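Visitor: Need coordinates for the below:
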Amino acid sequence: MPEPGTIDMKLEVVTLPVTDVDRAKRFYQNLGWRTDADIVRGDAFRVVQLTPPHSACSIAFGTGLTTGEPGSVQRLLLIVADIDAARADLISRGVDVSELFHLAGGRVPGPDPEGRSYQTYAAFSDPDGNGWLLQEIKTRLPGREWEG
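Guide: This is a model prediction of the structure:
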């Protein structure tokens, strides 16, 4: 197994393909995400960047950014400490969020019966069908934090 890299590399932006930039911007702003940029350079380029509360990683979408098909990005995880509160917040913002589920040979309705971190999820999509998962993590597994 190779040694871990020694150069800091931080994933900071994930690009999403969308059909309507303004609609996507309104959707993510409605989630309470911070708007970091909305840059237009002529008719062929626009980038909008938003960041979820307290996240180190942002999303970007726009015109002239990607050849990906709208709705093709799936399984974007938003890590939350309290999945019930996070789900309720999204629902209060008009988002269609699935019921809680856990994975046990497939999606099984309800939270993880043992209340384990990493095991309980809820799903939602943006207007283009890009898929998001809320994942509840109360305690990180050993080795899942970079040392200072």
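Visitor: Now stretch 101-115: buried residues?
Guide: Buried positions in stretch 101-115, judged by neighbour count with 16 or more other C-beta atoms under 10 Å: 101-102, 111-112. (Glycine included, C-beta is placed from N, CA and C.)
Visitor: residue ranges for the strands of this structure, please.
Guide: Counting by DSSP state E, the segments of the chain that form strands are 13-15, 34-40, 46-51, 58-63, 76-80, 101-103, 107-109, 120-125, 131-136.
Visitor: ok and the fourth one relative to strand 46-51, angle-wise?
Guide: With axes from the mean of the first three to the mean of the last three C-alpha atoms, to 10 degrees defining the directions, strand 58-63 sits at 160 degrees from strand 46-51.
Visitor: now the angle between strand 76-80 and strand 58-63, please.
Guide: If you take the same axes, to 10 degrees, strand 58-63 sits at 150 degrees to strand 76-80.
Visitor: could I have strand 58-63 exported to CSV, CA atoms only?
Guide: Coordinates of each C-alpha in strand 58-63 appear next as CSV, following Å, rounded to 0.1, in the frame of the first residue of the first chain:
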residue,chain,number,x,y,z
SER,A,58,-18.6,23.8,-2.5
ILE,A,59,-20.7,23.1,-5.6
ALA,A,60,-20.4,24.9,-8.9
PHE,A,61,-22.7,24.9,-12.0
GLY,A,62,-23.3,27.2,-14.9
THR,A,63,-22.8,27.6,-18.6
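Visitor: Sheet-wise, list the partners of that strand with their directions.
Guide: Take DSSP bridges as the rule and strand 58-63 pairs in its sheet with strand 13-15 (parallel), strand 46-51 (antiparallel).
Visitor: again with the last one
Guide: Under the criterion DSSP bridges, strand 131-136 sits next to strand 76-80 (parallel), strand 120-125 (antiparallel) in its sheet.
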